[in-house]
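Novice: based on what follows, work out the 3D shape:
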Amino acid sequence: ARYESLFKTSSLSTPDARFNEIFNWVKVHTDWLTTATSNGNRGIAAGIPEYPWWFGCDSFYTLQGVLCMGDYQLCRDTLKLILDYSIKYNGNGRIVHEILTNEVCPNYGNTQETAHFITMIWKYYEWTGDFSLVEEAFEYMGKSIEWLKAQDDDHDLFPTGYGIIEIAGLNMELIDTAVYTCEAYECYGKMCALMAGKGAYTGENQAARLQAMASECGALADKTKDAINTLLWNEEEGLYCDAYTSYGALENKKAMIMEMLETAQCAHIKAYVERLFEERKNDGNKEKGWLLNRNWVINVPLETGIATKAQAERALANMHTSDFIGPHGMYLDAMCQSAAMTISTGVMAVAQAQYGYADRALELIERIFGTFGMATPGSISEMSPDYGCFVQAWTTYGVMLPVVRHFFGIQPSASLDQVILKPCLPSKWNQASMEHVKVFGGEMSMEAQLCDQGMKIKVTNTSGKPVCVELDCPFTINGVSCVSGTVCDAREFELIYKR
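Specialist: Below is the predicted model:
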């Protein structure tokens, strides 16, 4: 009965029966990884068998997919667990990286995770409308913002510290940390405005202080976004950089980098790095963007949608090539091309879908699905195609988010009190449906069928909120031509858009 309920929620039907089946198996994986202990902790574990406990980074990706699956409680429980242990072990705003089921904390947190936590709290509220978690986490998130600011020791808007790629010694100003910090400023600013608007505060002049903080964080987000799109953009390569640092700072790490490349047997990259150091040897301590190894995290500005359209078009085209993508997905490191993971491929799929490249995104998910059952029946391995954990939580992100949020375009927004609808179905799916997607306190279902006028979608909305259709192409609602931003409050309607 539990699995029947899993399969019924966010139920997908496409012309590809195998795709539909594996999509359901990914839901089962999330059920396998839901971990509850006798001390009252419950949350989504990272992977089995190596990591059957809780991680910040892994959770903040995974839970975006869990929201698409409709398991609000698992999402809330996991975020609350990470919040509680961050308060216990840090107390200063920093978010923990890892919590064992016996409550030991081996790693107090990478810089990126503190920012990512704030954005995940906001995304949880936007999808569910549950404001109570914002209230519970709000005081600590205020400390988190101050902690992030303190990591920006040279005041260039980019915090220093380890990001998602945990390579010893490379605790610099990294692309993923910069992007998620930008997002965190924006999300926290919105939460400040929300707290003020709802009167969810105590103390004299607190509303004014919250509004001032909302403005400050909004301005910080805008400045950081501009800095990322200029200082961390490599115009010659048409890609984002891995890091922002100086020749002098990297020179001190050069021996370590070269030893690492020697171990990885990447002689051609050693030559590339040597050439890069030679070209910049006169830069001294002047900081610049460095495109060192083309790690998968250079996708993060695209995944989050902060890249300009022109930058996205170039970068996404450049990365949708054999330089970056192998038979099983996106390489962790496009220079070495030695390994791929479902998270690197999943982030790439989300990035492509974010900018409307549904066919590319589907191709990437199909590469992930191509590894199904290779190590364990009914499962997709952490490392593609068949090693590492035999089941990994964040695969949920790379599958559910592109399909639900981007292909079918279901994007709830509690702050706007509506459901934004931006469908962009892959061209292979001439007929597809997504039924019983949990949205706020109700559901949305969509049945799509290619017709002479374009893609016809029957939308059923019982969420209790109106739908705002946002499309860049011509479309009609119930036969009436509309413009992007048209709001429809009907329980059922027919949407036709040009492909």
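
Novice: residues contacting the residue nearest to residue 323 when sequence neighbours are not counted?
Specialist: With sequence-adjacent residues excluded and distances taken as Cβ to Cβ, 6 or more residues apart in numbering, residue 323 is closest to residue 334, at 5.7 Å. To be clear about C-beta, it is placed using only N, CA and C from the backbone, and glycine gets the same treatment. Contacts of residue 334 were listed using Cβ atoms under 8 Å, 6 or more residues apart in numbering, and they are 293-296, 319, 323-324.

Novice: of those, just the buried ones, PyMOL syntax please.
Specialist: Here is the PyMOL command that selects only those of the contacts of residue 334 that count as buried (16 or more other Cβ atoms under 10 Å):
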select buried, resi 293+294+295+296+319+324
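
Novice: against residue 380, how distant is the closest residue in space to residue 121 that isn't next to it in sequence?
Specialist: Once flanking residues are discounted, residue 121 sits nearest to residue 137: 5.3 Å by Cβ to Cβ, 6+ apart. Residue 137 sits 31 Å away from residue 380 when distances are taken as Cβ to Cβ, to the nearest Å.

Novice: with neighbour numbers in mind, choose between these two.
Specialist: When neighbours are counted by other Cβ atoms under 10 Å, residue 137 and residue 380 differ, and residue 380 comes out ahead with 28 against 24.

Novice: would you mind listing the buried residues in stretch 413-424?
Specialist: The neighbour-count criterion (16+ other Cβ under 10 Å) identifies 413-414, 418-424 as the buried residues of stretch 413-424.

Novice: name the helix or strand of this structure that has the lowest mean pLDDT.
Specialist: Least confident helix or strand, the chain: helix 254-263 with a mean of 73, by mean pLDDT, DSSP states H and E.

Novice: show residues contacting the helix or strand just after that helix.
Specialist: Per DSSP states H and E, the first helix or strand lying C-terminal to helix 254-263 is helix 267-279. By Cβ under 8 Å, 6+ apart, the surrounding residues in contact with helix 267-279 are 247, 250-251, 254, 257-258, 261-262, 290, 292-293, 335-336.

Novice: and the residues you listed, which of them are buried?
Specialist: Applying 16+ other Cβ under 10 Å to these, the neighbour count classes 247, 250, 257, 261, 290, 292-293, 335-336 as buried.

Novice: redo the residues you listed as JSON lines? Include distance to residue 130 and secondary structure.
Specialist: Below are those laid out as JSON lines (distance: Cβ to Cβ, whole Å; DSSP: H, G, I helix; E, B strand; the rest coil):
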{"residue": "247", "distance to residue 130": "48", "secondary structure": "helix"}
{"residue": "250", "distance to residue 130": "44", "secondary structure": "helix"}
{"residue": "257", "distance to residue 130": "45", "secondary structure": "helix"}
{"residue": "261", "distance to residue 130": "47", "secondary structure": "helix"}
{"residue": "290", "distance to residue 130": "41", "secondary structure": "strand"}
{"residue": "292", "distance to residue 130": "41", "secondary structure": "coil"}
{"residue": "293", "distance to residue 130": "40", "secondary structure": "coil"}
{"residue": "335", "distance to residue 130": "43", "secondary structure": "coil"}
{"residue": "336", "distance to residue 130": "43", "secondary structure": "coil"}
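
Novice: would JSON lines of the residues you listed with distance to residue 447 be doable?
Specialist: Conversion of the buried ones among the contacts of helix 267-279 to JSON lines gives the following (distance: Cβ to Cβ, whole Å):
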{"residue": "247", "distance to residue 447": "57"}
{"residue": "250", "distance to residue 447": "54"}
{"residue": "257", "distance to residue 447": "53"}
{"residue": "261", "distance to residue 447": "52"}
{"residue": "290", "distance to residue 447": "48"}
{"residue": "292", "distance to residue 447": "47"}
{"residue": "293", "distance to residue 447": "45"}
{"residue": "335", "distance to residue 447": "45"}
{"residue": "336", "distance to residue 447": "45"}
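
Novice: which strands and helices lie in contact with whichever helix in the chain runs longest?
Specialist: The longest helix of the chain (DSSP state H) is helix 206-231. For helix 206-231, the contact count by 3 or more Cβ pairs under 8 Å, 6 or more residues apart in numbering; DSSP states H and E identifies helix 175-198 as packing neighbours.

Novice: where along the stretch 301-450 of the chain do the strands fall?
Specialist: Secondary structure of the stretch 301-450 of the chain (DSSP state E, counting those that start in this stretch): strands located at 325-326, 329-330, 340-341, 383-384, 391-392, 410-413, 418-421, 431-439, 442-451.

Novice: grab the most central residue of this protein for me.
Specialist: Taking Cα atoms, centre = their mean, the centroid of the chain lies closest to residue 61, which sits 5.2 Å from it.

Novice: which SSE is that residue in?
Specialist: helix 56-69.

Novice: which parts of that helix are buried?
Specialist: Those would be 56-69, for helix 56-69 by 16+ other Cβ under 10 Å.

Novice: and stretch 34-49, how far apart are its ends?
Specialist: Between the opening and closing residues of stretch 34-49 lies a distance of 13 Å (Cα to Cα, to the nearest Å).

Novice: shaky segments in the stretch 201-350 of the chain?
Specialist: For the stretch 201-350 of the chain, residues meeting the criterion pLDDT under 70 lie at 261-266.

Novice: residue 487 and residue 466 touch, don't they?
Specialist: Yes. In this structure, residue 487 is within contact of residue 466 by Cβ atoms under 8 Å, at 5.0 Å.

Novice: which residues do these two both contact?
Specialist: Shared contacts of residue 487 and residue 466, defined by Cβ under 8 Å, 6+ apart, are found at residue 418.

Novice: one step back: nearest to residue 203 among the contacts of helix 267-279?
Specialist: residue 290 (45.3 Å; Cβ to Cβ).

Novice: show me the contacts for the closest one.
Specialist: 241-245, 250, 276.

Novice: out of those residues, name the ones that lie in strands.
Specialist: Among the contacts of residue 290, the members falling in strands are 243-245 (criterion: DSSP state E).

Novice: who wins on neighbours among these?
Specialist: Counting neighbours by other Cβ under 10 Å, residue 243 comes out on top of the ones in strands among the contacts of residue 290 with 26 neighbours.

Novice: report the beta-bridge partners for that residue.
Specialist: Using DSSP bridges, the bridge partners assigned to residue 243 are residue 174, residue 290.

Novice: next, give phi and psi for residue 36.
Specialist: Summarising the backbone geometry of residue 36 under the convention degrees, to the nearest 10, its torsions are phi -120, psi 140.

Novice: who's it bridged to?
Specialist: When bridges are called by DSSP bridges, residue 36 pairs up with residue 42.

Novice: any idea how far it lies from residue 258?
Specialist: As judged by Cβ to Cβ, residue 36 and residue 258 stand 46 Å apart.

Novice: just residue 386 next, same as before
Specialist: Using Cβ to Cβ, one obtains 31 Å as the distance from residue 386 to residue 258.

Novice: I'd like to know how many residues surround residue 457.
Specialist: Once other Cβ under 10 Å is used to define contacts, residue 457 is seen to have 23 neighbours.

Novice: pretty sure it contacts residue 446?
Specialist: Yes. Here residue 457 reaches residue 446: they are 5.4 Å apart, a contact under Cβ under 8 Å.

Novice: common neighbours of these two, please.
Specialist: With contacts taken as Cβ under 8 Å, 6+ apart, the residues that reach both residue 457 and residue 446 are residue 423.

Novice: distance of the residue nearest to residue 323 from residue 372?
Specialist: Using Cβ to Cβ, which is the criterion applied here, residue 334 is 24 Å from residue 372.

Novice: over to residue 72?
Specialist: Residue 72 sits at a distance of 27 Å from residue 372 (criterion: Cβ to Cβ).

Novice: equivalent analysis for residue 256, please.
Specialist: Taken as Cβ to Cβ, the spacing of residue 256 relative to residue 372 amounts to 38 Å.
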